[in-house]
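Q: My questions concern the predicted model and sequence given below.
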Amino acid sequence: MEKEKEMEIGGVIPPLITTFNQDGSFDPERMKNLVRFVEKGGVKGLFVCGTYGSGPLMSLSERKEVVETVVDSITSSTAVIAHVGSSNPDEAIELAKHAEKVGCAGVASVVPFYYAHTFNDDNVKRFFVRLINSVKIPVLLYNNPKASGYTMKPLLVKELCKEGLAGIKDSSFDLLFFYSLKYEIDLQKFIYITGTEAFILPTVPLGARGTIAGLANTFPDVVVETFNNAKQGNYQKAFEMQQKVNELREIQHFAQSIPAIHAFLDIVGIDAGYPRSPFVSVDEDVKNRMKEALKEVL
């Protein structure tokens, strides 16, 4: 099936956290404010309901509401990619069709989890071919072996590329996997997006189309400047900015990743609500440590 490619997918794409109230319900007004904040930082897209977005912690109806809220909040030039991964393939298909219907530029999915550690390549290929054929918008494979329990092989990605797979969000944290894909697949025709701001260098100069960067929830301008310098070949400046990004990542790791982003946003004056249970907000002492550490980096 030929895929629609009306909107370019690439650049800096925050994996948006989802804004919850203290009781765990979704807060659309806070979400709209967060979208406006990150768009001002120059991002090119938004990745919704992924790991940072707590998609697997939500019901189908909640995930649909979050996607609709984000799509309704963006400017026309921002590409929304909805993560549709589920342990149930039928749910993934339902979410993909919904994402297409409401105007997403693309969808992404992990391998159906829970049983993934027992899957063979045929099982995985069968799922993604079905997902690819269920929608006309681009489908990206979300390679996250830690979350899915399945280690993706470059040759399987190459096979799926022939079946219409548009690209990959690679959160393997494995540069050898990236190099293997670059060897096997023409990255000018395949959307490779690194799933971490830590790998803007070296992946972007070598063909990565973008980065889905958790830090871009809070410091979109810093991540965008890093990406743009790497893309434009300003490597000395890119190295300096990558170092700043890495230092910010160290501060984020004072706490768990998702609560830490909520804490960062609170520090910079954006009310993003609360992380969803079983996560809890960052302890005030830790948040104060984060605040002091940021003064040394920004």
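A: Sure, I can see it. Residues are numbered from 1 along each chain as shown.
Q: all helices for the stretch 101-250 of the chain, in order.
A: 121-134, 145-148, 154-162, 175-184, 200-203, 220-232, 235-252 (DSSP state H, counting those that start in this stretch).
Q: what's in contact with the first one?
A: Outside helix 121-134, the residues within contact range by C-beta atoms under 8 Å, 6 or more residues apart in numbering are 1, 84, 89, 92-93, 96-97, 107, 109, 111-112, 139, 141, 150, 152-153, 156, 159-160, 163-165. For the C-beta atoms, the positions are set from N, CA and C on the backbone; glycine is no exception.
Q: counting contacts, what elements does the lowest-mean-pLDDT helix or strand in the chain pack onto?
A: Every helix and strand of the chain was ranked by mean pLDDT, DSSP states H and E. The lowest is helix 145-148, at a mean of 93. Contact partners of helix 145-148 among helices and strands, from 3 or more C-beta pairs under 8 Å, 6 or more residues apart in numbering; DSSP states H and E: none.
Q: still on that earlier bit, can I have the buried ones of the contacts of helix 121-134 as a PyMOL selection?
A: Per 16 or more other C-beta atoms under 10 Å, the buried members of those correspond to this PyMOL selection:
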select buried, resi 84+89+92+93+96+107+109+111+112+139+141+150+152+156+159+160+164+165
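Q: So which of the contacts of helix 121-134 belong to strands?
A: Applying DSSP state E to these, the entries found in strands are 107, 109, 139, 141.
Q: about what we covered before: who wins for proximity to Ser77 among the helices of the stretch 101-250 of the chain?
A: Nearest to Ser77, of all the helices of the stretch 101-250 of the chain, is helix 220-232, at 13.9 Å by C-beta to C-beta.
Q: In terms of secondary structure, what does that closest one contact?
A: Against helix 220-232 (3+ C-beta pairs under 8 Å, 6+ apart) you get strand 11-13, helix 28-40, helix 200-203, strand 210-212, helix 235-252.
Q: That one - what's its average pLDDT?
A: Here helix 220-232 scores 98 as its mean pLDDT.
Q: from the chain's centre, how far out does that helix sit?
A: For helix 220-232, the separation from the chain centroid amounts to 17 Å (computed by C-alpha atoms, centre = their mean, to the nearest Å).
Q: List the buried residues of that helix.
A: Those would be 220, 222-231, for helix 220-232 by 16+ other C-beta under 10 Å.
Q: got the CA positions of the least confident helix or strand of the chain in CSV?
A: As requested, the backbone C-alpha atoms of helix 145-148 are provided in CSV (Å, rounded to 0.1, in the frame of the first residue of the first chain):
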residue,chain,number,x,y,z
PRO,A,145,13.6,-3.8,23.4
LYS,A,146,13.5,-2.9,27.1
ALA,A,147,9.8,-2.2,27.0
SER,A,148,8.7,-4.7,24.4
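Q: any residues touching it, and which ones?
A: Contacts of helix 145-148 with the rest of the structure, by C-beta under 8 Å, 6+ apart, involve 51, 56, 85, 110-113, 116, 151-152, 171-172.
Q: This completes my enquiry, with thanks.
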